[in-house]
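dropping a prediction and its sequence here:
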Amino acid sequence: MTARRQALTLLSLLGLVPQLAFAQTRRVWRIGLLSSGSAGSRTASEFMRGMRELDYVEGTNLVVERRFGAGDYERLPEWAAELVQLKVDIIVAWASPAIRAAQKATKTIPIVFPTTGDPVGAGFAASLSRPGGNITGVSNSNLDVSTKLVELLLVVKPKLSQVAVLTNPASSTQPTMLRSIEAACQKVGLQVLRINASTPDDLVRGFADMVRNRAGGVIIADDAFMVVQRDHIAALALKYQLPSITQNIAYTEAGGLMTYGTDVVEGFRRAAVYVDKILKGAKPAELPIEQPTRFELIVNSKTAKALGLTISKELLLRADKVVE
């Protein structure tokens, strides 16, 4: 017990100060989590872990309002409006549709994103260095890796002539990413087959279209829907014998062939730091959007064997992780 608390205890016993002197005056913060992903995802858990490490404990000095769509985008605007009505101090939103819904719901409540591909192109920020509005956070810079995705797919299948690009038309960042991938393909003479999918049934039809149109591989444009459906996508790619690559590292763990991208989980830890800074008085408009400095290559050798592919020793040595 500190000397100050000892003194307060003595004074209280003497009736000189009210018992309220012991009451905690620490503020209870209220934050909203908004995502089209899953409530039980590792990313959401890592964000909460990051908050605890910064001394924000749910049930003590923190109230968390959770709104998760598990791949459903339609209710995001409704949930964003609910969070505004609840007068949360900050909205933490991830996946472009969720960020967009939060942006439309409020121009004053700070919004932090743990991951997004092109925050400037999507209209979430004026620039990376000075966002300028009420939105900031961590970018996974997915537009910058398009050339690498194409290059790696060609390494495992050198005779590839046409590649399918699987995108979700409901995502606001997908058109920009699609153009980036198409530009990378054009440089190496690859034809591109666009496949749109926003439901599990779309995925089934899309993979059938890939085979029908003789696509030799598939690049999955990363977004929340694709992440939620990663097991389904990996199974379809294996069924139709299509080598595949995307940016979310969880895809290889689900049985996908390759991933090249950032550790998204780290972005969720960093988002907690942004929340802490804003709660302590920082302005989102002046907090630069953080970009990743490290990208990981992960190869699933078991899937490669099932696809009849031989992964070169050189590529395996380049990989940060090989899933056996």
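All right, it came through fine.

what's the domain layout of the chain?
Annotated domains of the chain cover 29-141+264-286, 142-261+295-323 [automatic domain parsing].

need the strands for this structure, in chain order.
29-35, 62-68, 90-94, 111-113, 135-137, 162-167, 191-196, 217-220, 244-246, 258-261, 296-300, 321-323 (DSSP state E).

relative to residue 120, how far out is residue 129?
Distance, residue 129 to residue 120, using C-beta to C-beta, to the nearest Å: 10 Å. For the C-beta atoms, the positions are set from N, CA and C on the backbone; glycine is no exception.

of the two, which one has the most company?
For residue 129 versus residue 120, the count of surrounding residues by other C-beta atoms under 10 Å is larger for residue 120: 14 against 10.

that one contacts residue 127, correct?
Yes - at 6.2 Å, residue 120 counts as touching residue 127 under the criterion of C-beta atoms under 8 Å.

the helix ranked longest in the chain vs strand 90-94, what angle?
The longest helix of the chain (DSSP state H) is helix 264-279. If you take axes from the mean of the first three to the mean of the last three C-alpha atoms, to 10 degrees, helix 264-279 sits at 160 degrees to strand 90-94.

the residue nearest the centre of the chain: what's it in contact with?
Computing the C-alpha centroid of the chain and ranking residues by C-alpha atoms, centre = their mean puts residue 115 first, at 4.1 Å. By C-beta atoms under 8 Å, 6 or more residues apart in numbering, the residues touching residue 115 are 43, 94, 137-140, 264, 267-268.

still on that earlier bit, so for residue 78, which of the strands of the chain sits nearest?
Nearest of the strands of the chain to residue 78, taken as C-beta to C-beta: strand 62-68 at 8.8 Å.

how far does the closest one sit from its chain's centre?
Strand 62-68 sits 17 Å away from the centroid of its parent chain (C-alpha atoms, centre = their mean, to the nearest Å).

quick check: angle from that strand to helix 264-279?
Using the same axes, to 10 degrees: strand 62-68 against helix 264-279 is 130 degrees.

hmm, back to that, which elements pack onto the longest helix of the chain?
helix 42-53, strand 90-94, strand 111-113, strand 135-137 (3 or more C-beta pairs under 8 Å, 6 or more residues apart in numbering; DSSP states H and E).

with distance to residue 249 added, can I get the ones you listed in JSON lines?
Putting the helices and strands packed on helix 264-279 into JSON lines (distance: least, C-beta to C-beta, whole Å) gives the following:
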{"stretch": "helix 42-53", "distance to residue 249": "11"}
{"stretch": "strand 90-94", "distance to residue 249": "16"}
{"stretch": "strand 111-113", "distance to residue 249": "19"}
{"stretch": "strand 135-137", "distance to residue 249": "19"}
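
nearest to residue 273, out of these?
helix 42-53 (7.1 Å).

which residues sit against the closest one?
Helix 42-53 has contacts (C-beta under 8 Å, 6+ apart) with 33, 35, 37-38, 58, 62, 64, 68, 92, 94, 114-115, 250, 264-265, 268-273, 275-276.

next, the angle from that helix to helix 264-279.
40 degrees.

got the angle between helix 42-53 and strand 29-35?
Using the same axes, to 10 degrees: helix 42-53 against strand 29-35 is 170 degrees.

measure residue 193 to residue 257 for me?
18 Å.

looking at those two, which is more packed in?
Between residue 193 and residue 257, residue 257 has the larger neighbour count (other C-beta under 10 Å), namely 32 against 18.

per-residue confidence for that one?
The model reports residue 257 with a pLDDT of 97.

contacting residues for it?
156, 237, 243-245, 299-300, 303-304, 307, 309.

who wins for most neighbours among those?
Most neighbours among those, by other C-beta under 10 Å: residue 244, with 30 neighbours.

make TSV out of the helices and strands packed on helix 264-279 and add mean pLDDT and mean neighbour count.
Below are the helices and strands packed on helix 264-279 laid out as TSV (pLDDT from 0 to 100; neighbours: other C-beta atoms under 10 Å):
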stretch	mean pLDDT	mean neighbour count
helix 42-53	91	18
strand 90-94	96	29
strand 111-113	97	29
strand 135-137	97	29
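
any stretches of the stretch 101-250 of the chain with poor pLDDT?
Along the stretch 101-250 of the chain, the parts satisfying pLDDT under 70 run over 141-144.

which non-adjacent residue is nearest residue 124?
Of all residues not flanking residue 124 in the chain, residue 135 sits nearest, at 4.9 Å (C-beta to C-beta, 6 or more residues apart in numbering).

who's that neighbour bridged to?
residue 111 (DSSP bridges).

now it: how far from residue 65?
Taken as C-beta to C-beta, the span from residue 135 to residue 65 is 18 Å.

residues near residue 323, how many?
With other C-beta under 10 Å as criterion, residue 323 counts 19.

please, where are all the helices along this protein?
Under the criterion DSSP H, the chain contains helices at 3-13, 42-53, 76-85, 96-105, 146-156, 174-187, 200-212, 224-228, 230-239, 250-253, 264-279, 301-306, 313-318.

surely residue 155 is in contact with residue 312?
Yes - if you go by C-beta under 8 Å, residue 155 and residue 312 touch, sitting 7.2 Å apart.
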